[in-house]
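Undergrad: Quick one, what's the 3D model for this:
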Amino acid sequence: THSQSDRMEIHLDFSPNLLVLRIRDFGKGFSPHAVEGPSQGHFGLSGMAERAQRVGGSLEIHSEPGNGTLIEAKWPLTPPSPATP
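TA: Next up is the predicted model:
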């Protein structure tokens with residue numbers, strides 16, 4: 001893996017209105033502000049954030065060198081529409 005971690009945690013929490021996915025690794029971490037972006041031909045993190053936004057969600061990345069990474073994605077849940085006869 002990019003993180004060089006031998007351990008990770010995945011948590012999925014949900015309520016009637018919100019779905020939250022947290023993925024944490026205990027690897028080498030990185031500086032999110034220094035990540036190459038679309039202008040360098042890399043779409044990984046920005047592509048993940050864009051896909052979350054397309055469905056009304058959000059993506060946050062918390063990381064720093066030497067301290068692993070936490071990725072948190074949130075999506076609002078809407079109740080199903082009533083069936084029409």
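Undergrad: alpha carbons only for contacts and neighbour counts from here, please
TA: Will do.
Undergrad: Quick check: buried residues in stretch 56-71?
TA: Buried residues in stretch 56-71, counted by 16 or more other C-alpha atoms under 10 Å: 57-59, 61, 63, 68-71.
Undergrad: could I get these as TSV with distance to T78 and secondary structure?
TA: Compiled in TSV, those are given as follows (distance: C-alpha to C-alpha, whole Å; DSSP: H, G, I helix; E, B strand; the rest coil):
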residue	distance to T78	secondary structure
G57	12	coil
S58	15	strand
L59	18	strand
I61	25	strand
S63	31	strand
G68	33	coil
T69	29	strand
L70	26	strand
I71	23	strand
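Undergrad: so I61 touches G68, yeah?
TA: No: using C-alpha atoms under 8 Å, I61 is not in contact with G68, being 10.8 Å away.
Undergrad: Show me what the helix or strand of the chain with the lowest mean pLDDT is packed against.
TA: When the helices and strands of the chain are scored by mean pLDDT, DSSP states H and E, helix 44-54 comes last with a mean of 80. If contacts are counted by 3 or more C-alpha pairs under 8 Å, 6 or more residues apart in numbering; DSSP states H and E, helix 44-54 sits against strand 58-63, strand 69-76.
Undergrad: of those, which approaches I23 most closely?
TA: Closest approach to I23 among these is made by strand 69-76 (5.2 Å; C-alpha to C-alpha).
Undergrad: Give me the contact list for that closest one.
TA: For strand 69-76, the external contacting residues (C-alpha atoms under 8 Å, 6 or more residues apart in numbering) are 17-27, 29-30, 52, 55-63.
Undergrad: Direction included, what does it pair up with?
TA: strand 18-25 (antiparallel), strand 58-63 (antiparallel) (DSSP bridges).
Undergrad: out of those strands, which comes closest to I10?
TA: Per C-alpha to C-alpha, nearest to I10 of these: strand 18-25, 4.6 Å.
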